[in-house]
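# structure of the sequence below:
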Amino acid sequence: MKKNNFCLLIIFLLNILILPAQQKIIDSLEHQLIYSTNSLSRIEVLNELSWYYAHSNTKKGIEKADEAIKLSIKEKDSLQLGIAYERKGFNYQNRGNDSLTISLYKLAEDTYTRIEHSKRLATLSFNMGNFYFRRSDYKKSLPFVQNALDVYTKEKDTIKMGRIYNQIGLNHLYLGDYTASLNAFQKGAFLFEQMNENKPSFYADIQGNLGMLYEKLSQYQTALEFQNNALKLHKKNDNQIGIANTYNNLGNLYSALKQNQKALEMFNDSYEIKKKTDNKYSIASALTNIGIEYHSLKESDKALEYLNHSKSIYEELGHNSNLSIALLNIGDIYLEKQQPENAKIYFDSAYTHAKKSENKRQMFLAKEGISHAAFITEDYKKAYTEQQEAKAIKESILSNEKRDEVAGIKAKYEYEKEKSILKADFDKNKAIDEAEIKQQIFVRNTSIGVGLFSMAMLAVGFTLFRRKKEADLNAKIVTSELQTLRAQMNPHFIFNTLNSINDYIIRNKKEEASRYLTRFSIMMRNILDNSKEDEVPLNEEIEFLETYIKLEQQRLSNTFTYDIIISDDINIEETLIPPSLLQPFIENSIWHGFSEKKGTELITIAFTKEQNMLICSIDDNGGGIDPNKNSNKKSFGTSSVQNRLDLLNKLKGSNSKIDFINKKEGVRVEIRLPLSLEQ
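Numbers count the residues shown, from 1 in each chain. Sure, this is the predicted structure:
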């Protein structure tokens, strides 16, 4: 269970300031409170203390807010009373008490509305948006933050506008609208960049969030650059919470890159900082990540310790999505421990919470887990039913993932265009503001602005032309990947497989059904895991091919045999190959080559090395290619492989190719690929 499949574990806490510097501020405010004799100034100090304590000691933060509420009522200060309600609600938000948070925010809203204070209402609206964001209700969050943006845009409050654009970007990121997400992040970053050396700490937050966006697009090197930039800025400001969140994001990146030990170090560094606060949500997120990484490192007892701890916190907070993640991982561990009854309990619970949060990927994984557990306990009917439900959910997921990939290409295409337009808009607005002071400056600056705008448009035109060519190529890559996935998940093959399983069940052949369903599950999992990978180690590809061939052997009552030959000079763990490249040709040999063949039917798969090329060959002794049939007509799977090799040649300038050789008995397919080794 990897974190790159569950972006929901990555949380950038927005309303958080710098811990060491924060303590100095708290000490100073406490000192002011001791010597304050004026009630009105005392209320303001109490409200400020409540705000700062919300990030480190919510119990004290609530106490300070309560004292401010009493004094505000006594002094009939409605503004400070509304702020006190809001600060108390924010403290309860960080404690995970949602009902009290909403009640107090409502009291604050009524108070601000009564005195018609638009700025405080905008701040409250932003906090409400952040509240729903942390509950993973991103659609409900957006109207609140947009309302706050409208107010602060009129006020020309650059810092708050930048923060709100950051929040809007996060909402769109988790909703899968990557173009809108990039647009918002870019606007926020642009506003902060105009401050030159006086950039606020929120600029580092945007850098980190851009890193998360590029991780979603599987552009890991770019993501690392943004995260390291964020870490550098947070360290410069001594922002401990920002450092902790960036360590968390780096941990997720290293995990996606399969550098599990380094990922665990990052998660532990993050947890050491977060556990010094009493922010339960943040602590639970850190515990979950550590538990998942221990699971990846096969240390199941340690993984259970951390995951059960985070599970209890999420249950207390009522956070369905993250609770489902913890439960899925615990279920997986119990499956590995051969405790299917315990595993089923956790998978059932995971499905319930995933359904509440409408997370289809988690629903799919829960259904697969339930099916696996039922199969081990010999409840084959339930195993089959759950597998069918998982399949239906999976089809929806695949559709969404391809939509996200296309959105990613579009976001990449729009990046430079959006930046140029923002700069042009900024220059234009700056010229208009200065024009109100002096007409002569207006004329001069307008002329300069027009010149810059024209230059920008020329630059945009050139960039768009270059980006369009790149986007066209990326779109072909997405189409090729989708065709590959369709070829792997041939409906005819899946239909025959499920019918075979059903036949075994009807005839009470438990062992045959067990082997068949296990192999089928492994194959489907491999297809899903590798669907986004450009290359996989050769040993993993060989395991996938053997699983597929053994499925076909069992279905066809072992009417054919196979042999896999690997040259001694090939290291199968370090040599890389595009996933599922050979499977369509093996399928052709089985379905067409042997269709009329009688006798000893054999498929030989060989891997050899020739200078800087990897030679993959598939030989069969079947009926061969009929010269009387249309030799130009290729199967869908074979055509998808040819398309992938064509794209590979364009991207890498290589000379990959496929040769079909009609032998005296059977066909030989030879695929030549540039030799690729894992770094």
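# need the three-state assignment for Gln338.
coil (DSSP: H, G, I helix; E, B strand; the rest coil).
# got it, and Asp619?
Following three-state DSSP, Asp619 is assigned to strand.
# contact partners for it?
By C-beta atoms under 8 Å, 6 or more residues apart in numbering, the contact set of Asp619 is 603-606, 663, 666-669. (C-beta placed from N, C-alpha, C; glycine too.)
# and the strands in the stretch 51-200 of the chain, which stretches?
Using DSSP state E, counting those that start in this stretch, the stretch 51-200 of the chain contains no strands.
# low-scoring stretches of it, by residue?
196-198 (pLDDT under 70).
# hang on, the earlier thing: show me which of the contacts of Asp619 are buried.
When the contacts of Asp619 are checked for burial by 16 or more other C-beta atoms under 10 Å, the buried set is 603-606, 666-669.
# could you dump these into a markdown table with pLDDT and distance to Glu543 added?
A markdown table is the format used below for the buried ones among the contacts of Asp619 (pLDDT from 0 to 100; distance: C-beta to C-beta, whole Å):
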| residue | pLDDT | distance to Glu543 |
| --- | --- | --- |
| Ile603 | 93 | 16 |
| Thr604 | 95 | 18 |
| Ile605 | 96 | 13 |
| Ala606 | 96 | 17 |
| Gly666 | 87 | 25 |
| Val667 | 91 | 25 |
| Arg668 | 93 | 23 |
| Val669 | 94 | 20 |
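# measure stretch 265-283 end to end?
Stretch 265-283 has an end-to-end distance of 16 Å (C-alpha to C-alpha, to the nearest Å).
# now what about that stretch, what contacts it?
In contact with stretch 265-283 (C-beta under 8 Å, 6+ apart) are residues 11, 13, 19, 55-59, 94-96, 134, 240-241, 243-245, 247-248, 250-251, 254, 286-287, 289-290, 293, 313, 316-317, 319.
# now do the buried residues in it.
Of the residues in stretch 265-283, 265-267, 269-271, 273-274, 277-283 count as buried by neighbour count, 16+ other C-beta under 10 Å.
# show me those that map onto helices.
When the buried residues of stretch 265-283 are checked against helices (DSSP state H), the matches are 265-267, 269-271, 273-274, 280-283.
# and those residues, which two are furthest apart?
The distance between the two most remote of those (C-beta to C-beta) is 23.8 Å, for Glu265 and Lys280.
# from the chain's centroid, how far away is stretch 161-181?
14 Å (C-alpha atoms, centre = their mean, to the nearest Å).
# ok, of the buried ones among the contacts of Asp619, which one's closest to Glu533?
Ile605 (20.5 Å).
# near the residue nearest to that closest one when sequence neighbours are not counted, how many other residues are there?
In space, not counting the residues next to it along the chain, Ile605 is nearest to Ile564; the distance is 4.8 Å by C-beta to C-beta, 6 or more residues apart in numbering. Around Ile564 there are 13 other residues, counting by other C-beta atoms under 10 Å.
# what secondary structure does Ile564 sit in?
strand.
# and it, how far from Ile603?
9 Å (C-beta to C-beta, to the nearest Å).
# quick one: secondary structure of Gly557?
Heads up, residue 557 is Ser, not Gly. coil.
# got the phi and psi for it?
phi 60, psi 40 (degrees, to the nearest 10).
# what pLDDT does the model give it?
On the pLDDT scale, Ser557 is placed at 82.
# that older thread, now do the contacts for the residue nearest to Ile605.
Counting by C-beta under 8 Å, 6+ apart, Ile564 has contacts 542, 545-546, 604-606.
# could I get those residues as JSON lines with distance to Thr518?
Shown next, in JSON lines, are these (distance: C-beta to C-beta, whole Å):
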{"residue": "Ile542", "distance to Thr518": "18"}
{"residue": "Leu545", "distance to Thr518": "17"}
{"residue": "Glu546", "distance to Thr518": "13"}
{"residue": "Thr604", "distance to Thr518": "26"}
{"residue": "Ile605", "distance to Thr518": "22"}
{"residue": "Ala606", "distance to Thr518": "28"}
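# worst-scoring helix or strand of the protein, pLDDT-wise?
Lowest mean confidence among the helices and strands of the chain (mean pLDDT, DSSP states H and E): helix 439-488, at a mean of 55.
# low-confidence ranges in the stretch 551-679 of the chain?
Residues of the stretch 551-679 of the chain that meet the cut-off, pLDDT under 70, sit at 595-599, 626-637, 679.
# show me the helices in it, by range?
583-588, 636-652 (DSSP state H, counting those that start in this stretch).
# quick check: which of these is buried the most?
Across these, averaging neighbours per residue (mean count of other C-beta atoms under 10 Å) puts helix 583-588 on top, at a mean of 22.
# dump the strand ranked longest in the chain to PDB, keeping only the CA atoms.
In terms of residue count, the longest strand belonging to the chain (DSSP state E) is strand 601-610. Coordinates of each C-alpha in strand 601-610 appear next as PDB, following Å, rounded to 0.1, in the frame of the first residue of the first chain:
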ATOM      1  CA  GLU A 601       3.100 -27.300 -28.500                       C
ATOM      2  CA  LEU A 602       6.000 -25.200 -27.200                       C
ATOM      3  CA  ILE A 603       6.600 -21.500 -26.600                       C
ATOM      4  CA  THR A 604      10.200 -20.400 -26.100                       C
ATOM      5  CA  ILE A 605      10.900 -16.900 -24.700                       C
ATOM      6  CA  ALA A 606      14.500 -15.800 -24.800                       C
ATOM      7  CA  PHE A 607      16.400 -12.700 -23.600                       C
ATOM      8  CA  THR A 608      19.900 -11.900 -25.000                       C
ATOM      9  CA  LYS A 609      22.200  -8.900 -25.200                       C
ATOM     10  CA  GLU A 610      23.800  -7.600 -28.400                       C
END
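# skipping its backbone neighbours, what lies nearest Tyr52 in space?
Ile26 (5.2 Å).
# same deal with Thr123?
Thr123 sits nearest to Ala148 (C-beta to C-beta, 6+ apart), 7.1 Å away.
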